[in-house]
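okay, here's the prediction I keep looking at, along with the sequence it came from:
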Amino acid sequence: MTASPSFWVVIPAAGVGARMQADRPKQYLRLGDRTLIEHTLDCFLDHPGLRGLVVSLSAADGYWPTLACAADDRVNLAAGGAERANSVLAGIKRLVALGAADGDWVLVHDAARPNLAHSDLARLLESLADDPVGGLLAVPVRDTLKQVGPDGRVVATPDRSLYWQAYTPQMFRLGMLREALGGALAAGIPVTDEASAMEWAGHAPRLIEGRADNIKVTRPEDLDWLTGLRG
Ligand SMILES: Nc1ccn([C@@H]2O[C@H](COP(=O)(O)OP(=O)(O)OP(=O)(O)O)[C@@H](O)[C@H]2O)c(=O)n1
Ligand SMILES: C[C@](O)(CO)[C@H](O)COP(=O)(O)O
């Protein structure tokens, strides 16, 4: 493995967390003594390779200014968009304004994934440092998968050995990612992660196996599980 490269970070944090059915956007729910987004930022802010970090926020976000990290001069802000991909692209454009160059590595990590292990971050950085495309943390599917038909009933059982779950951070060079995301959005392609935009642009991202507990808090039971795990 190569030495860990320097990198920029975009944290998409402009969602409303509808599936969480909470009284606030899920990134501001608490895990232990701090909010999910504070746990998420911690994994990057103390990394020696961090060159700069942008958080993409909703214009309606009244919670961010209440956090101590809002006063951290290492944290910059961008205006989030209608979809996650729009928020990520806005964050990338903010990085350029901060001096990031096309050849620089950018890591995109969901604010809703507060349990990223330092060891996973290190493995991603070192594994992809010299990669021509980049890639993402991912976990091989462990359960049997079912494909459903229009009536919601099973129509097939795909070979699960061919499937992985995409996680974040996803790590790509700024210029390639900006072009892929901008092109996919302009073409009306529904991209739910950075890798799918890169794939649309003809690149083949690499999968780096990570921990399955780097979960995205999406539904109430996800936070219950993490709280039990971390207390
Ligand atoms: N327009 C959006 C939508 C989502 N996100 C961010 O993208 C990450 C992953 O998205 P998801 O888990 O879908 O979050 P929400 O969109 O908030 O959840 P929901 O779909 O349940 O509303 C989250 O950190 C979320 O804040 C974003 O920055 N901008
Ligand atoms: C980026 C992601 O977390 C990879 O699994 C996922 O695609 C985000 O999807 P969401 O619907 O925006 O949560």
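On my side now, so go ahead. Residues are numbered from 1 along each chain as shown. Ligands and ions are numbered 1, 2, ... in the order given.

going forward, measure contacts and count neighbours with C-alpha atoms only.
Noted.

and Leu181, its phi and psi?
Reported as degrees, to the nearest 10, the phi and psi values for Leu181 are phi -60, psi -50.

element containing the nearest residue to it once chain neighbours are set aside?
Distance criterion CA to CA, 6 or more residues apart in numbering; nearest residue to Leu181, sequence neighbours excluded, is Ala197 at 5.4 Å. Under the criterion of DSSP states H and E, Ala197 resides in helix 194-200.

list the strands paired with the strand ranked longest in the chain, with their directions.
Ordering each strand of the chain by length in residues (DSSP state E) puts strand 164-173 first. When pairs are called by DSSP bridges, strand 164-173 turns out to pair with strand 105-108 (antiparallel), strand 134-140 (antiparallel).

coming back round to it: hmm, the residue nearest to Leu181 is touching Ala184, no?
Yes - applying CA atoms under 8 Å, one finds Ala197 in contact with Ala184, separated by 5.9 Å.

the two: who's more crowded?
Ala197 (25 against 20; other CA atoms under 10 Å).

where do the strands sit along this protein?
Under DSSP E, the chain gives strands at 7-13, 30-31, 34-35, 50-57, 75-79, 105-108, 134-140, 147-148, 154-156, 164-173, 206-209.

do the first one and ligand 2 come into contact?
No - judged by CA under 6 Å from any ligand atom, strand 7-13 stays clear of ligand 2, getting no closer than 9.3 Å.

for this structure, give me the ranges with low pLDDT.
The chain contains residues with pLDDT under 70 at 1-2, 231.

which residues touch the residue most central in space within it?
Residue closest to the mean C-alpha point of the chain, counted by CA atoms, centre = their mean, is His109 at 2.5 Å. Residues in contact with His109 (CA atoms under 8 Å, 6 or more residues apart in numbering) are 9-12, 168-170.

ok, now with 7 Å
His109 sits next to 10-12, 168-170 when contact means CA atoms under 7 Å, 6 or more residues apart in numbering.

mean neighbour count and distance to Val96 added to the strands paired with strand 164-173, as a markdown table?
Shown next, in a markdown table, are the strands paired with strand 164-173 (neighbours: other CA atoms under 10 Å; distance: least, CA to CA, whole Å):
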| stretch | mean neighbour count | distance to Val96 |
| --- | --- | --- |
| strand 105-108 | 26 | 11 |
| strand 134-140 | 23 | 19 |
